[in-house]
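Asks: Take this sequence and fold it.
(one chain, ligands or ions: 2)
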Amino acid sequence: MSNQISMLQNPGAAPNATINRWIENVRKFYFELSHVMGKTFPADGLSRRRKQPGDPERREFEEFLDTDPPDPITYSKKYLEDDDPLPFEAFRDQIDTRGGYLQTVSKEIINQLLFQGVEEEEELFNRDLELQQLLNRLEETKRLSVKSEAASVLLQAASQEEVVDSEEDEYPSGWRTSRGKQLDQWVPLVQAWLTTPAIKPREVAAKDWKGFEKFAARFFVSKDGRLYWRENGEGHHRLYIEPERRMTILKGAHDANGHRGHYATLSFLTKRFWWPEVERDTEIYVELATRRIAQVARTSKIVVEKSTVPCRTAESMRTILEANSKPGCRFDILSNPEFLAEGTAISDLFKPDRVLIGSLQTPEGLSACQSLAAVYANWVPKDRVLTVGLWSSELSKLAANAMLAQRISSINALSAICEATGANIDEVAHAVGYDTRIGPKFLKASVGFGGSCFQKDILNLVYLSESLHLPEVAAYWRQVVEMNEHQKRRFSKRVVDTMFNTITGKRIAVLGFAFKADTGDTRESAAITLIRDFQSEKAYVNIYDPQVPHDQIWADLAEASPLAPVETIQKQVRICSSAMEACQDAEAVVIATEWKEFNDIDWEQVYSNMNKPAFIFDGRLLVDAEKLRKIGFSVTTIGRP
Ligand SMILES: NC(=O)C1=CN([C@@H]2O[C@H](COP(=O)(O)OP(=O)(O)OC[C@H]3O[C@@H](n4cnc5c(N)ncnc54)[C@H](O)[C@@H]3O)[C@@H](O)[C@H]2O)C=CC1
Ligand SMILES: O=C(O)[C@H]1O[C@H](OP(=O)(O)OP(=O)(O)OC[C@H]2O[C@@H](n3ccc(=O)[nH]c3=O)[C@H](O)[C@@H]2O)[C@H](O)[C@@H](O)[C@@H]1O
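Replies: Residues are numbered from 1 along each chain as shown. Ligands and ions are numbered 1, 2, ... in the order given. You can find the predicted model right below:
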């Protein structure tokens, strides 16, 4: 209680979250605090404080009672060997804190606790609902993106309606191995047998019965008659997909989901669906683009990998191309990764640091390499065109992005140390970057790196390392991504902690939504994670970004909280058309993207429009903290105490 009193008097004190919720409730009333020592009832938060000098004199508790204190509680044991109940003192603390907590705990948490005990059926229902909600929300936000396409294709495929194969979507039986074909025949028998176990399927030979039973044990049939493969390692039951729906599902998971390659497509699929040899089918499907090149090419071709690909992709392309090419056609594959950055794409194109071309070191490979180098020679100086081996080129692209991201994670890790010690991350970066071996670029601490490529490419490297049985190498690179996630979490926690451990009902203006300045791209933007965290703490959020379309913001927020209804998101979030509008009546401003125009904000005006105390959280080292403090803001900057 003394903690609460001191906090009521001193908003700067740091209560914990439970106590803060309590304070919020207590503050609704006009009251005078007094201390009544409890004797009859277990101690609660109010009665635990011992009487202090200066406390007003109060009658003892007994004086309030009309009758004698009740008799001690009696109990009877069900079985003699049962343990005696523990004395009250043994668990008094537990009751005390949990009692206080549970009274104010939010409904969601209780629901979550209850939810842990739900039956399989309910989980399935929720999973369907989740897909349905995802689609609804994406449609509502009118975002005609590949993702809504993916969701709709998947929903359609998962529905129980009859499917008529279009010619294009026919499932090629040539893909199946004999084992796959056998399991395809077994699955309908499994379903029938699980529904009426008394009838053994005649089609299963006696010698196969044990195997069949074992196989069948992996499934269950839901109330609505759908067959599910029991949960995989991630705790998801997977809906069985019949052969005639498989191409639609593959198409949805791969094409409509952004051609994210074999690994991403497979993990997307295997979280939701199952059929025999889904892994093999996915691999074949993902290779279809290369097969298509072979199919349509009538003369020899140089095939250039421009997109970022896993190391040794060219090798699998070659195998596919050679196996499917027309007589007399030969294919040379080059790797020519793209190094442009968003926001500077045109200048990167005209004045690249380097152009990298990887080829096989055979006469044909080297000659193909020269052909491509000649194209670049039109505007890129010769010494900037680097020619290397094919695998080195593929790996260099992943390595370059991984090392850039690693610098950011390193500086962000140091920013946490700065906040705890009093050092200043800008000064540290400056001092470190002055070493010519290290260099000054890409050492700007931030709320976390975003963008479509860093995370994807590092995870690509992690996957590659794992598949090469290099777990320590994989762990090293994974840590770069984990540190980035940590940085985002750390930042939103700092916001909550600084605002007296609760942002419930408070309005926060988030300035910037793009993953960096000078682009409208929001993929993996740190702002999305921050806003999701603020929403889950029940804050109101005003968002302003000079470039990102509003529909995109709604779609990203919907995707970040797949279980939150759109109306809830829209109640909590407002998209504004200027920084000034976003800051109106806010309690805090969070700078998430380093847009130049944020330097020109009239902070005095912002301050006068905000609720007090007015907080600024600079996730981009953008503002002049001292200047803003003079205005009256409480300023928190990344990498500074
Ligand atoms: N965004 C960037 O700044 C940079 C991107 N890159 C690389 O360039 C590639 C494209 O990047 P973004 O343009 O940002 O991606 P994006 O996702 O915006 O666009 C890629 C488009 O290509 C389509 N696509 C992918 N594979 C396909 C296939 N096999 N057949 C037909 N269509 C296919 C997708 O459906 C999508 O529409 C990626 O590999 C990325 O790593 C490289 C350097 C910079
Ligand atoms: O393969 C790709 O897609 C591209 O990825 C990055 O380019 P991009 O994602 O456009 O953006 P960056 O400028 O690298 O910034 C990435 C993220 O790191 C953040 N960042 C960058 C630099 C820094 O010092 N601190 C920092 O937090 C940015 O704010 C942004 O969120 C690389 O810089 C390009 O060379 C590469 O071609």
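
Asks: So this structure: which segments form each domain?
Replies: Annotated domains of the chain cover 2-98, 123-287, 405-480, 499-637 [automatic domain parsing].

Asks: Name the residues of the biggest helix by length in the chain that are buried.
Replies: Longest helix in the chain by number of residues (criterion: DSSP state H): helix 390-421. The neighbour-count check on helix 390-421 (16 or more other Cβ atoms under 10 Å) flags 390-391, 393-402, 404-416, 418-419 as buried. Quick note: C-beta positions are derived from backbone N, CA and C, even for glycine.

Asks: tally of neighbours for Trp193?
Replies: Counted with other Cβ atoms under 10 Å, residues neighbouring Trp193 total 20.

Asks: what's the strand or helix carrying it packed up against?
Replies: Using DSSP states H and E, Trp193 sits within helix 178-195. Here helix 178-195 touches helix 209-216, strand 219-221, strand 227-229, going by 3 or more Cβ pairs under 8 Å, 6 or more residues apart in numbering; DSSP states H and E.

Asks: tell me how far the last one is from the chain's mean position?
Replies: Strand 227-229 sits 27 Å away from the centroid of its parent chain (Cα atoms, centre = their mean, to the nearest Å).

Asks: strand partners of that strand, parallel vs antiparallel please.
Replies: strand 219-221 (antiparallel), strand 238-240 (antiparallel) (DSSP bridges).

Asks: In it, which of the residues would be classed as buried?
Replies: Within strand 227-229, the residues scored as buried using 16+ other Cβ under 10 Å are 227-229.

Asks: one step back: any idea which of the domains of the chain gets closest to Ala373?
Replies: Of all the domains of the chain, domain 405-480 sits nearest to Ala373, with 24.7 Å by Cβ to Cβ.

Asks: Is there any residue in that closest one that contacts ligand 2?
Replies: Yes. Applying Cβ under 6 Å from any ligand atom, one finds domain 405-480 in contact with ligand 2 at 408, 442-444, 446, 449-451, 453-454.

Asks: Tell me which residues are up against stretch 269-285.
Replies: 127, 154, 158, 175-177, 179-180, 183-184, 187, 228-229, 232, 234, 236, 238-243, 246, 249-250, 253-254, 262, 265-266 (Cβ atoms under 8 Å, 6 or more residues apart in numbering).

Asks: typo on my end, it should be stretch 335-345
Replies: So stretch 335-345 is in contact with 304-309, 314, 348-349, 352-359, 372, 390, 393-394, 396-397, 400, 451, 516-519, 521, going by Cβ under 8 Å, 6+ apart.

Asks: where exactly do the strands run in this protein?
Replies: Ranges of strands within the chain are 219-221, 227-229, 238-240, 273-274, 301-305, 331-335, 355-359, 385-389, 507-511, 540-544, 573-575, 588-591, 615-618, 634-637, based on DSSP state E.

Asks: what about the closest residue to ligand 2 within the stretch 501-641 of the chain, distance to ligand 1?
Replies: The nearest approach of the stretch 501-641 of the chain to ligand 2 comes at Lys516, 3.6 Å away (Cβ to the nearest ligand atom). Distance, Lys516 to ligand 1, by Cβ to the nearest ligand atom, to the nearest Å: 11 Å.

Asks: nearest spatial neighbour of whichever residue of the chain sits closest to ligand 1, skipping sequence neighbours?
Replies: With Cβ to the nearest ligand atom as the measure, His259 is the residue of the chain nearest to ligand 1, at 2.8 Å. Spatial nearest neighbour of His259, chain neighbours left out: Ala289 (7.7 Å); criterion: Cβ to Cβ, 6 or more residues apart in numbering.

Asks: What is the burial count for Ser577?
Replies: Quick note: Ser577 (other Cβ under 10 Å) scores 10 neighbours.

Asks: wait, it sits on Tyr544?
Replies: Yes. In this structure, Ser577 is within contact of Tyr544 by Cβ atoms under 8 Å, at 7.2 Å.

Asks: For the closest residue in space to Tyr544 that isn't next to it in sequence, list the residues it contacts.
Replies: Once flanking residues are discounted, Tyr544 sits nearest to Ala582: 3.9 Å by Cβ to Cβ, 6+ apart. Contacts of Ala582 were listed using Cβ under 8 Å, 6+ apart, and they are 509-511, 542-544, 576, 589.

Asks: Can I get the buried part of those residues as one ChimeraX selection?
Replies: Selecting only the buried entries of these in ChimeraX, with 16+ other Cβ under 10 Å as the criterion:
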select :509,510,511,542,543,544,576,589
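
Asks: Show me where the stretch 401-550 of the chain dips below the pLDDT cut-off.
Replies: Counting by pLDDT under 70, the stretch 401-550 of the chain has no low-confidence residues at all.

Asks: All the helices of it, residue numbers only.
Replies: 425-433, 454-467, 471-498, 526-536, 550-560 (DSSP state H, counting those that start in this stretch).

Asks: In CSV, list these along with mean neighbour count and distance to ligand 1.
Replies: CSV is the format used below for the helices of the stretch 401-550 of the chain (neighbours: other Cβ atoms under 10 Å; distance: least, Cβ to the nearest ligand atom, whole Å):
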stretch, mean neighbour count, distance to ligand 1
helix 425-433, 17, 24
helix 454-467, 20, 7
helix 471-498, 18, 16
helix 526-536, 23, 17
helix 550-560, 20, 13
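
Asks: For my notes, please list these in a markdown table and give distance to Lys271 for each entry.
Replies: Below are the helices of the stretch 401-550 of the chain laid out as a markdown table (distance: least, Cβ to Cβ, whole Å):
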| stretch | distance to Lys271 |
| --- | --- |
| helix 425-433 | 38 |
| helix 454-467 | 16 |
| helix 471-498 | 19 |
| helix 526-536 | 20 |
| helix 550-560 | 15 |
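
Asks: For Gly439, the count of nearby residues, please.
Replies: The burial count for Gly439: 12, using other Cβ under 10 Å.

Asks: That one: what's it in contact with?
Replies: Gly433.

Asks: ok, now with 10 Å
Replies: With contact taken as Cβ atoms under 10 Å, 6 or more residues apart in numbering, Gly439 is in contact with 407, 432-433.

Asks: Show the backbone phi and psi for it.
Replies: Dihedral pair for Gly439: phi 80, psi 150, per degrees, to the nearest 10.

Asks: How about the one 4 residues further on?
Replies: In terms of degrees, to the nearest 10, the main-chain angles of Leu443 are phi -120, psi 30.

Asks: any idea how far Arg407 is from the closest residue to it other than its chain neighbours?
Replies: With Cβ to Cβ, 6+ apart as the criterion, Leu443 has its nearest non-adjacent residue at 4.1 Å, and that residue is Ala429. Counting by Cβ to Cβ, to the nearest Å, the separation of Ala429 from Arg407 is 10 Å.
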